[in-house]
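**Q** Structure for the following, please:
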Amino acid sequence: AMSPRPVAEYLKGVFPQRNVMFMARNQDESPEDYLARVKDFVDKENPQGILYLDNLRFDPREQSKNYEERKAMARQLRALADVYVNDAFSVDHRSDTSVFELAYQFVPEDRAGGISLQKELEKLYGFEHELRTLEMPKESLAVIAGSKLGGKEGKLHLLKGFSNRVNKVRVEGLLAVTFLKMEAQKIGRYDIDSLIQKTHAKMELLRANNASGSDLKQFEKQLKNLENEKQELKEAEELMEFFNRHKSLGYVAPSKVADFVAVSAANPQQAPVVITRDEFLSGGGKRLEDWLIIDTGPEELETLKRESRGSALVFWNGSLGWTNMPSGPNVKYGQKATWDFAQYLATLAGKVKVAIGGGNTIADAQSAGLTLEEAFAVVLLGGGASQEFLIQVPLPGIQPLLNIPFDSPYITSASSPVENRRQ
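**A** Sure, this is the predicted structure:
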């Protein structure tokens, strides 16, 4: 499923006059031996056309923390080419070997950015300039949604980064549920440790009764999800403390979500209901562990629309609901708010400058029946790279294209796997 062979096959149709070759790595072949075989083929056959390599992500040196391993991989790849062209802006926030070290194997005049990369940067520089020079009291709004707060694909850095670049930040989607649970836990309305303990107890009981492996795996998965949630609750609390400490520096804490669409955890096939934030947090209200929140509520959606039309600039990233929920009678409800919001933002064309970014967000807008270029002023195809650019995080993949020295004190990405690089 991760093989680029279909792409190579597609290229054969795009360039019928060119010889398009795909060299797959054999199952029992080491990454080093694979690239050595490719080099031997190039030297002996001198192929004319397009030579497509297998997925470099399967090479452990691509994201290794050992610099010598990374350098060895970069040199093997360098031996295959005369010039280096980076046209994959969407990975330029990563410090992968083929993005970072490989580029520095080429002299400055032999490395360049591709056409797609240049177009994305032009869009980003334009939007970033407007964001920076926006005259107050005009509003700017960042809508950050999705499912994960922390981790490699989480939105923690986005929330911090945008919170002092815009007037308002709204946290939506399943991400907002993390903040709701964090609030509930503070007042005794939610207890993640208790849920973890109960799950442990159920697992021990299953083991004592010699339960099947599939039953145990189900609870192991549930336990892992709860432990990840505990970490996210801690990160949410630390983030709110950060905002409170830095108010004087212009940081804006995310607004609180008014309501949610939820289904019964015990019977998720039942019709969904709207539950307000206050109902979840009040003493006699509904308990969070009894419900699965699947979408943004109608009152919150109206607030989003109102604040969007009152803004000069809007940045939107992430689904407002559970858009990939399991199939069933309620699956459409996980997409409703996202589609509604996307269609509403499209009506603001020419009045509000709207930028959307992130692969899921773009897919959501397209599934809502929108033509991206007509509906939105700026469509950022770079995913995490575009977002990190807008919150002023330097991008490792762009560094060599700007001829910044390899061992410069210039900080690359916070997610960089190698802290002390030296040639």
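**Q** how far away is the residue nearest to residue 340 when sequence neighbours are not counted from residue 307?
**A** Distances taken as CB to CB, 6 or more residues apart in numbering place residue 301 nearest to residue 340, at 6.3 Å, with adjacent residues excluded. In this view, the C-beta of every residue, glycine as well, is placed from N, C-alpha and C. For residue 301, the distance to residue 307 equals 11 Å [CB to CB, to the nearest Å].
**Q** and what of residue 342?
**A** From residue 342 to residue 307 the distance is 16 Å (CB to CB).
**Q** which of these two has more neighbours?
**A** residue 342 (26 against 17; other CB atoms under 10 Å).
**Q** Report the contact partners of the more buried one.
**A** Counting by CB atoms under 8 Å, 6 or more residues apart in numbering, residue 342 makes contact with 356, 364, 365, 368, 370, 375.
**Q** same question, residue 202
**A** Residue 202 sits in contact with residue 219, where contact means CB under 8 Å, 6+ apart.
**Q** confidence score at the residue of the chain most remote from its centre?
**A** When distances are taken from the C-alpha mean of the chain, residue 44 lies farthest, 42.2 Å away, according to CA atoms, centre = their mean. Per-residue pLDDT puts residue 44 at 91.
**Q** where do the strands sit along the stretch 201-350 of the chain?
**A** Counting by DSSP state E, counting those that start in this stretch, one finds strands in the stretch 201-350 of the chain at the ranges 259-264, 273-276, 291-296, 311-317.
**Q** Residue 83: which of those strands is closest?
**A** Residue 83 lies closest to strand 311-317 among these, at 33.9 Å (CB to CB).
**Q** Now do the contacts for residue 354.
**A** Residue 354 touches 308, 313, 314, 315, 316, 345, 348, 376, 377, 378, counting by CB under 8 Å, 6+ apart.
**Q** Tell me the one of those residues nearest residue 252?
**A** Looking across the contacts of residue 354 and measuring by CB to CB, the closest to residue 252 is residue 315, at 13.4 Å.
**Q** So that closest one is in contact with residue 390, correct?
**A** Yes. Residue 315 is in contact with residue 390 according to CB atoms under 8 Å; the separation is 7.0 Å.
**Q** list residues touching both of those two?
**A** 162, 357.
**Q** The two - which one has more neighbours?
**A** Taking other CB under 10 Å, residue 315 and residue 390 do not tie; residue 315 has more neighbours (28 against 23).
**Q** For beta bridges, what are the partners of that one?
**A** residue 142, residue 355 (DSSP bridges).
**Q** Roughly how far does it sit from residue 402?
**A** 24 Å.
**Q** Might you report the residue contacts of the closest residue to residue 395 other than its chain neighbours?
**A** Nearest non-adjacent residue to residue 395, counting by CB to CB, 6+ apart: residue 92, 4.6 Å away. By CB under 8 Å, 6+ apart, residue 92 lies in contact with 86, 99, 117, 382, 385, 395, 396, 397, 398.
**Q** I'd guessed residue 343 sits against residue 370; true?
**A** Yes. The criterion here is CB under 8 Å, and residue 343 meets it with residue 370 at 6.8 Å.
**Q** So between these two, which is more surrounded?
**A** Set side by side, residue 343 and residue 370 show more neighbours around residue 370, with 19 against 14, by other CB under 10 Å.
**Q** Nearest to residue 103 among the contacts of residue 354?
**A** Using CB to CB, the contacts of residue 354 come closest to residue 103 at residue 378, 26.9 Å.
**Q** contacting residues for the closest residue to the closest one other than its chain neighbours?
**A** Among residues not flanking residue 378 along the chain, residue 355 sits closest, at 3.7 Å (CB to CB, 6+ apart). By CB under 8 Å, 6+ apart, the contact set of residue 355 is 127, 313, 314, 315, 316, 376, 377, 378, 379, 380.
**Q** cool, residue 266 as well?
**A** With CB under 8 Å, 6+ apart, residue 266 has these contacts: residue 290.
**Q** any idea how far it is from residue 329?
**A** For residue 266, the distance to residue 329 - CB to CB - is 16 Å.
**Q** which residues does the nearest residue to residue 110 once chain neighbours are set aside contact?
**A** In space, and not counting its chain neighbours, residue 110 is closest to residue 83: 4.7 Å by CB to CB, 6+ apart. Taking CB under 8 Å, 6+ apart as the criterion, residue 83 is in contact with 106, 110, 111, 112.
**Q** which among those end up buried?
**A** 106, 111, 112 (16 or more other CB atoms under 10 Å).
**Q** low pLDDT regions in the stretch 51-200 of the chain?
**A** 135-138, 152-153 (pLDDT under 70).
**Q** could you pull out the strands for it?
**A** 84-86, 111-113, 139-144, 168-171.
**Q** Out of the contacts of residue 354, flag the one nearest to residue 33.
**A** Using CB to CB, these come closest to residue 33 at residue 378, 44.8 Å.
**Q** Show the contacting residues for that closest one.
**A** Residue 378 makes contacts with 123, 126, 127, 353, 354, 355, 356, as judged by CB under 8 Å, 6+ apart.
**Q** Selection in ChimeraX covering whichever of those are buried, please.
**A** Here is the ChimeraX command that picks out the buried ones among the contacts of residue 378, judged by 16+ other CB under 10 Å:
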select :123,127,353,354,355,356
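**Q** what two of the contacts of residue 378 are the furthest from one another?
**A** Among the contacts of residue 378, the pair separated by the greatest distance (CB to CB) is 126 and 356, at 14.9 Å.
**Q** do you know how far the residue lying closest to residue 222 once chain neighbours are set aside is from residue 324?
**A** Nearest residue to residue 222, sequence neighbours excluded (CB to CB, 6+ apart): residue 199, at 5.7 Å. Residue 199 sits 24 Å away from residue 324, going by CB to CB.
**Q** now residue 94
**A** For residue 94 relative to residue 324 (CB to CB), the value is 23 Å.
**Q** Comparing the two, which residue is more hemmed in?
**A** Neighbour count, other CB under 10 Å: between residue 94 and residue 324, residue 94 has more, with 25 against 11.
**Q** Residue 388 is in contact with the more buried one, correct?
**A** No. The pair residue 94 / residue 388 is not scored as a contact, 10.0 Å apart, by CB under 8 Å.
**Q** can you count the residues close to the closest residue to residue 322 other than its chain neighbours?
**A** Once flanking residues are discounted, residue 322 sits nearest to residue 334: 3.9 Å by CB to CB, 6+ apart. Residue neighbour count, defined by other CB under 10 Å, stands at 25 for residue 334.
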